[in-house]
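Undergrad: Got a predicted structure here, sequence first:
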Amino acid sequence: MSAQITVTLPEDVLQRAELLAQRTGRPVGDILAETIELSLRPLGAPTNGERLIGDWSDDDVLAAADVGLPVAEDRRLSELLDHQQAGLLADAERAELKALMEMYQEGLLRKAQALREAVRRGLREPLQP
């Protein structure tokens, strides 16, 4: 199910979305909807018995704070982003890029949450500005 809404964006954000839409040959509305979906999806409620980060052991929190995208996936993501920037991204690659970006964003969010929890528990020092 989807719903239509009106959003006011800063001019520079809209210009970047329009540029990406032009480079990918897609409507700007689709670009914005996909970007919002990818940004918000990781914030969904825990499902299938997933424990909240506050319930994790100290070791699990520290491990999650240090995790990164696996090397092969990171390398492939970089390749696909290069193809996209060059305007050479094939349709099949677009789906792969979307999946890898989703994996990257979910991992980054989990890492940030784990780092925040590690600092809260006194397991890590706060990051300095």
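TA: Great, that's in hand. Residues are numbered from 1 along each chain as shown.
Undergrad: what's the straight distance from one end of stretch 35-55 to the other?
TA: With C-alpha to C-alpha, to the nearest Å as the measure, stretch 35-55 spans 30 Å from end to end.
Undergrad: Mind splitting the protein into its structural domains?
TA: The chain breaks down by automatic domain parsing into domains covering 8-44, 52-122.
Undergrad: now stretch 13-33: how far from the chain's centre is it?
TA: For stretch 13-33, the separation from the chain centroid amounts to 17 Å (computed by C-alpha atoms, centre = their mean, to the nearest Å).
Undergrad: What lies in contact with that stretch?
TA: For stretch 13-33, the external contacting residues (C-beta atoms under 8 Å, 6 or more residues apart in numbering) are 7, 9, 35, 84-85, 87, 89, 94. Every C-beta, even on glycine, is put in place using the N, C-alpha and C of the backbone.
Undergrad: next one: stretch 112-123
TA: In contact with stretch 112-123 (C-beta under 8 Å, 6+ apart) are residues 53-54, 56, 58, 61-65, 67, 124-127.
Undergrad: Please apply the same query to stretch 74-87.
TA: Contacts of stretch 74-87 (C-beta under 8 Å, 6+ apart): 23-24, 68-69, 89-90, 93, 96-97, 100-101, 104.
Undergrad: Go through the lowest-mean-pLDDT helix or strand in the chain and flag the buried ones.
TA: Ranked by mean pLDDT, DSSP states H and E, the helix or strand of the chain with the weakest confidence is helix 28-40, at a mean of 86. For helix 28-40, burial by neighbour count (16 or more other C-beta atoms under 10 Å) applies to 31-32.
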